[in-house]
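Asks: just a sequence and a predicted model for now, questions to come.
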Amino acid sequence: MPETPLLLDRADLDRMIGILSERGYQVVGPTVREQEHIISYGDVGSTDDFPVGLTDEQEAATYRLVDRGDGRLFGYAVGATSPMSYLQPSDAVVWAGRRTGKGFETVEPPDPPRYAFVGVRPCELAAIAIEDEVFLGTGSQCPTYATLRQKAFLVSVDCTEPGGTCFCASMGTGPGATSGYDIALIEVLDDEGHAFIARAGTEEGAAVLAELGAAPAGEERAAAASQAVEEAAGKMGRSLDTEGLRDTLAASLSDPIWDELAATCLTCANCTMVCPTCFCAAVENRTNLDATEAERVRRWDSCFNFEFSYIHGGSLRPSASARYRQWMTHKLSSWVDQFGMYGCVGCGRCITWCPVGIDITANAAAVRARMEEAAHV
Amino acid sequence: MTAGLPKLAVHKFASCDGCQLSLLDCEDALLDVVGAIQIANFPEASREVLDGPYDLTLIEGAVSAPGDIERLQEIRAESKFLVSIGACATAGGIQALRNTRDVDEFTRYVYASPEYIDTLDKATAVADHVKVDLELRGCPISKHQLIETVIAFLNGRAPIIPTYSVCMECKRNGNTCVMVAHGVGCLGPVTQAGCGAICPSFHRGCYGCFGPMESPNTAALGERWLELGIDREVIRDQYHFFNSWADAFREAGEAYAASE
Ligand code: SF4
Ligand code: SF4
Ligand code: SF4
């Protein structure tokens, strides 16, 4: 859908939020959690709810929110959470029932919300595309994901100032959005003022923009905005060489390097909890005291947990090293075999939010170096 | 009315009563519990004591005084399913802080007439002395875990008591990591889940009330705390707190005490 880029201002964005809620969406976007000093997805009623004039400084095991001194709404890299918290929520009830005399009846779940995400990053769009393949692709379908996902409306905002742990340019998932959005925005703050260059990606996206009655953006301004996004590719805080990475990691499984890399791993599972592509869940069956009501719940789980790979007699991955290796080689190697793509979009969250700062890019490079060394002896 | 229902017994050793009071604190759920189970021996709740054997026995408190071990063995003998509850019963609790000190010296300092004090020199876990079927951690225990245990017991299924880190609950709650965002020391990564990540939910570091998680890397966490500028003795004291006598925390605290 090659639409002419349109020009919006902040007031238009406020109207867009209004239009989306009138269309029955719960509008969700990056918000500031004041007490905690972080940016995270939350309900958005107007552009005042966005992280106005704030940016994030991210490094391994460190996140700080600082003032930018300007009025940008999206002048940060990525928040602590991703749309995954909404599209694959923890503790989702997949079935519920209650006793009726000698039999039982199914309790129908309430209608799932329709989310409109405003301010989704290109890496997050890519993560949603990965989850689409996982949950709606050729394998079995996940109805919980399908109902939430298929109703979602996505407004992306390209990145012009990547963060210290970002490496989407290496993964080919950013800094600009290429597909998967209903509307794509680029935020511009130049001599002419504060504006957004908007493109529709779907019919519904085009309809929302039409309702706003926005004027076309000047060619030069639109070109300068795209240029800024392209330049952002050279400003990534991290990089990851993906050349032959699937094979390199697949060949490394019994190398002792994994013990070294995992020596400081806490097996705390934070990396999997923040990753926008990590999808593993445990299925728990719950009952009330007299077993008149029962429900089956899908709850976030992690390959770092002992019980995750527990089968009769023990866990398949008792050591931290085996668990860390499982996680990293799934993201960057066996995911390719399973789904034909990498399972990492380079958002950097696992690096930032690991309490001890374990870095997937550094460790991929370390494994590569070790395997190259081994090939030369 | 209650005859034929499974019999519940609740016993106390050296402890503050907080964990068994969690059962009374279950409010609505307690009324259902009363309807589904017969409270046969629970002095905190009812004066009536029925004879054993008991189907489900909860034990609070550490083994701490002479005679405790014999009493424990008697309880074990009349209990079908025995659950130790709380940091005291599962790891010796706060009073295990004396385990590495001179108890005689303590009693001389603390009591006006130390000759009346008759105590073992170590406070230890129930499982150190008798077979325990399930341990519920925490100081105090989580009432949700307690109810889950009773529900699972009544319905003949395994209770869902995860042994992974507090971080799992913290992230599921949507909390912000206090270590990463605020540079605050948190024991969550090495502590077993169950509390619902209460302290990080209020922007504080975890104190480790639920004891060591399944694969605690206490050394790596301690090193990170040092990088955050936390003193060695603070790290030692944090490991040697509610669960100082749990192996992993005892050793971790000793490591920071020794290399000062
Ligand atoms: S593995 Fe790390 S960098 Fe890659 S998508 Fe997951 S959280 Fe982001
Ligand atoms: S890599 Fe980091 S976040 Fe992930 S389990 Fe290990 S210590 Fe926790
Ligand atoms: S605040 Fe503590 S419990 Fe929560 S994720 Fe961070 S380290 Fe884990």
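Replies: Everything's here; your move. Ligands and ions are numbered 1, 2, ... in the order given.

Asks: please count neighbours and contacts with C-alpha atoms only from this point.
Replies: OK.

Asks: can you pull the contacts of A:Ala364?
Replies: A:Leu240 (CA atoms under 8 Å, 6 or more residues apart in numbering or on different chains).

Asks: against A:Asp259, how distant is it?
Replies: As judged by CA to CA, to the nearest Å, A:Ala364 and A:Asp259 stand 14 Å apart.

Asks: and A:Thr277, by the same measure?
Replies: Distance check for A:Thr277 against A:Asp259: by CA to CA, it reads 25 Å.

Asks: look at those two and report which has more neighbours.
Replies: Taking neighbours as other CA atoms under 10 Å in any protein chain shown, A:Thr277 and A:Asp259 compare with A:Thr277 leading, 23 against 17.

Asks: give me the phi and psi angles of the residue nearest to that one when sequence neighbours are not counted.
Replies: Closest residue in space to A:Thr277, ignoring its immediate chain neighbours: A:Ala127 at 5.5 Å, by CA to CA, 6 or more residues apart in numbering or on different chains. Dihedral angles phi and psi of A:Ala127 (degrees, to the nearest 10) take the values phi -70, psi -40.

Asks: and for B:Lys80?
Replies: phi -80, psi -50.

Asks: ok, now B:Gly211?
Replies: Dihedral angles for B:Gly211 - degrees, to the nearest 10 - are phi 70, psi -180.

Asks: likewise A:Leu185?
Replies: Backbone torsions of A:Leu185, given as degrees, to the nearest 10, read phi -120, psi 150.

Asks: bridge partners for it, pull those for me.
Replies: A:Val157, A:Ala198 (DSSP bridges).

Asks: ditto for A:Val118
Replies: Beta-bridge partners recorded for A:Val118 (DSSP bridges): A:Val155.

Asks: number of residues surrounding it?
Replies: If we define neighbours as other CA under 10 Å, then A:Val118 has 25 of them.

Asks: got the contact list for it?
Replies: Shown in contact with A:Val118 (CA under 8 Å, 6+ apart): A:27-30, A:154-157.

Asks: if we ignore the residues flanking it in sequence, what's nearest the closest residue to ligand 1 within the stretch 101-250 of chain B?
Replies: Distances between the stretch 101-250 of chain B and ligand 1 by CA to the nearest ligand atom are smallest at B:Lys171, namely 13.5 Å. In space, B:Lys171 comes closest to A:Met273 once its chain neighbours are excluded; the distance is 6.3 Å by CA to CA, 6+ apart.

Asks: the one helix or strand the one you found maps to packs against which elements?
Replies: A:Met273 is located in helix A:270-274, with elements delineated by DSSP states H and E. Helix A:270-274 sits against helix A:349-352, helix B:166-172, with contacts defined as 3 or more CA pairs under 8 Å, 6 or more residues apart in numbering or on different chains; DSSP states H and E.

Asks: just those helices: most buried one?
Replies: Greatest average neighbour count among the helices and strands packed on helix A:270-274 goes to helix A:349-352 (a mean of 27), per mean count of other CA atoms under 10 Å in any protein chain shown.

Asks: pLDDT (mean, whole number) over stretch A:80-90?
Replies: Here stretch A:80-90 scores 96 as its mean pLDDT.

Asks: can you check stretch A:136-154 too?
Replies: Mean pLDDT, stretch A:136-154: 91.

Asks: over to B:Gln20: give its phi and psi.
Replies: B:Gln20 adopts backbone torsions of phi -70, psi -30, taken as degrees, to the nearest 10.

Asks: swap in the one 4 residues further on?
Replies: Backbone dihedrals for B:Leu24, given as degrees, to the nearest 10, come out at phi -70, psi -20.

Asks: relative to B:Pro200, how far out is it?
Replies: 26 Å.

Asks: so which of those two has more stuff around it?
Replies: Neighbours per residue, other CA under 10 Å: of B:Leu24 and B:Pro200, the larger number sits with B:Pro200, 26 against 16.

Asks: I'd guessed the more buried one sits against B:Cys177; true?
Replies: Yes: counting by CA atoms under 8 Å, B:Pro200 does reach B:Cys177; the two are 7.2 Å apart.

Asks: that older thread, next one: the helix holding A:Met273 to chain centre, how far?
Replies: Taking CA atoms, centre = their mean, to the nearest Å, one finds the center of helix A:270-274 at 11 Å from the center of the full chain.

Asks: by mean pLDDT, flag the weakest helix or strand of chain B.
Replies: Comparing every helix and strand of chain B by mean pLDDT, DSSP states H and E singles out helix B:27-36 as the least confident one, with a mean of 72.

Asks: can it be said to contact chain A?
Replies: Yes: Helix B:27-36 lies within reach of chain A by CA under 8 Å from any CA of the partner chain, at B:32-33, B:36.

Asks: between these, which sits nearest B:Gly4?
Replies: Comparing those against B:Gly4 with CA to CA places B:Ala36 closest, at 10.1 Å.

Asks: how about the helices in the stretch 51-200 of chain A?
Replies: Using DSSP state H, counting those that start in this stretch, the helices found in the stretch 51-200 of chain A span residues A:84-87, A:122-136, A:143-150, A:168-171.

Asks: so which residues on chain B come close to ligand 3?
Replies: Neighbours of ligand 3 within chain B, by CA under 6 Å from any ligand atom: B:166-167, B:170-171, B:177-179, B:186, B:188-189, B:200, B:205-206.

Asks: is it true that A:Thr28 touches A:Ser40?
Replies: Let me fix one detail, which is that residue A:28 is Val and not Thr. No: using CA under 8 Å, A:Val28 makes no contact with A:Ser40, being 10.1 Å away.

Asks: mind listing what A:Val283 touches?
Replies: Per CA under 8 Å, 6+ apart, neighbours of A:Val283: A:296-299.

Asks: helices - which of those land there?
Replies: In helices, defined here by DSSP state H, there are no members of the contacts of A:Val283.

Asks: show me where pLDDT drops low in the chain?
Replies: Reading this off chain A. A:1-3 (pLDDT under 70).

Asks: um, chain B though
Replies: For chain B, applying pLDDT under 70 flags the ranges B:1-2, B:27, B:30-31, B:258-260.

Asks: all strands for it, in order.
Replies: For chain B, the strands defined by DSSP state E cover B:7-12, B:38-41, B:54-60, B:79-85, B:134-136.

Asks: contacts for the second one next, please.
Replies: So that's strand B:38-41. So strand B:38-41 is contacted by B:2-3, B:5-11, B:46, B:48-51, B:54 (CA under 8 Å, 6+ apart).

Asks: same question for the third one.
Replies: Applying CA under 8 Å, 6+ apart, the external contacts of strand B:54-60 come out as B:6-15, B:17, B:19-20, B:40, B:78-86, B:88-89.

Asks: try 7 Å
Replies: With CA atoms under 7 Å, 6 or more residues apart in numbering or on different chains as the test, strand B:54-60 has contacts from B:6-13, B:15, B:19-20, B:78-86, B:88-89.

Asks: angle of it against strand B:7-12?
Replies: Counting by axes from the mean of the first three to the mean of the last three CA atoms, to 10 degrees, strand B:54-60 lies at 20 degrees to strand B:7-12.

Asks: alpha carbons of strand B:54-60, as PDB, please.
Replies: Extracted in PDB, the C-alpha atoms of strand B:54-60 (Å, rounded to 0.1, in the frame of the first residue of the first chain):
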ATOM      1  CA  TYR B  54      -4.100 -36.900  61.600                       C
ATOM      2  CA  ASP B  55      -4.400 -36.700  57.800                       C
ATOM      3  CA  LEU B  56      -2.700 -33.400  57.400                       C
ATOM      4  CA  THR B  57      -0.300 -31.900  59.900                       C
ATOM      5  CA  LEU B  58       1.300 -28.500  59.700                       C
ATOM      6  CA  ILE B  59       4.300 -27.800  61.700                       C
ATOM      7  CA  GLU B  60       5.500 -24.300  62.500                       C
END
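
Asks: got the angle for that strand vs strand B:79-85?
Replies: 20 degrees.

Asks: strand B:54-60 pairs with which strands, parallel or anti?
Replies: Partners of strand B:54-60 in its sheet, by DSSP bridges: strand B:7-12 (parallel), strand B:79-85 (parallel).
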